[in-house]
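In: Output the structure for:
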Amino acid sequence: MKKLLLIVVVASITFASCQKKAETVKTDDEKCAPAKKEKEFKMYEMSEMAALMEQMYVDNQRLKERIVNGDTIGNFPKHFLKIHVSVMTDEKDNDAFFKEQAGKFLKAQELIYKDSLNAKKHFNDAVSSCVACHEQKCEGPIPRIKKLYIK
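Out: Numbering: from 1, shown residues only. Model prediction:
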């Protein structure tokens, strides 16, 4: 009796393992079938405006350091003027509000260089104009921009 039970158990295990192996074997049709198409990875490319704003941020970090340290301020960076002509990610954002805010930013930024005795105030005004615009257009960089303020 025990031998019969042992033979049945061994036969069951052997049969079950063979069945599983048979399920995993691919047919010729499956081997030749094209693999599932993966999503194509697209590299993010900054718009001209995004790249300009990144450059202005870096320039203003350096300017902040010079103001805080009492160093000479230097000259107004002319590439800031590209704010009026740089291509935006969404061209609909280049509206009257943006143009007004860009003008305020440039005016405050130029005053830093023209009136260096009040550079800290003008610098913070320029940062405030960035924040005011981004509150309406693209809120994402606001926390980063606020780090520019001179306390």
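In: what comes up buried for stretch 95-106?
Out: Of all the residues in stretch 95-106, those buried under the rule 16 or more other CB atoms under 10 Å are 98, 101-102, 104-106. Any C-beta I mention is one placed from the backbone N, CA and C, and that applies to glycine too.
In: List just the nearest of the residues you listed to Val68.
Out: Phe105 (20.4 Å; CB to CB).
In: so where's the protein shaky on pLDDT?
Out: Within the chain, the segments meeting pLDDT under 70 span 1-38.
In: Just the helices from this protein, written as ranges.
Out: For the chain, the helices defined by DSSP state H occupy 2-24, 28-32, 48-69, 96-114, 119-136, 142-146.
In: coming back round to it: would you mind giving the buried residues of stretch 95-106 as TSV with distance to Val85 added?
Out: Listed next are those as TSV, based on distance: CB to CB, whole Å:
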residue	distance to Val85
Phe98	12
Gln101	16
Ala102	10
Lys104	17
Phe105	15
Leu106	13
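In: Which of the residues you listed sits closest to Lys64?
Out: Phe105 (15.2 Å).
In: so how far is Lys151 from the nearest residue to the closest one once chain neighbours are set aside?
Out: Among residues not flanking Phe105 along the chain, Ser129 sits closest, at 4.2 Å (CB to CB, 6 or more residues apart in numbering). Per CB to CB, to the nearest Å, Ser129 is found 18 Å from Lys151.
In: and if you look at Asp90?
Out: Distance from Asp90 to Lys151, by CB to CB: 34 Å.
In: Which one of the two is surrounded by more residues?
Out: Asp90 (10 against 5; other CB atoms under 10 Å).
In: Would you list the phi and psi of that one?
Out: phi -120, psi 110 (degrees, to the nearest 10).
In: Could you report the separation of it from Phe123?
Out: Relative to Phe123, and taking CB to CB, Asp90 is found at 29 Å.
In: re earlier: the buried residues of stretch 95-106: which two are farthest apart?
Out: Phe98 and Leu106 (12.4 Å).
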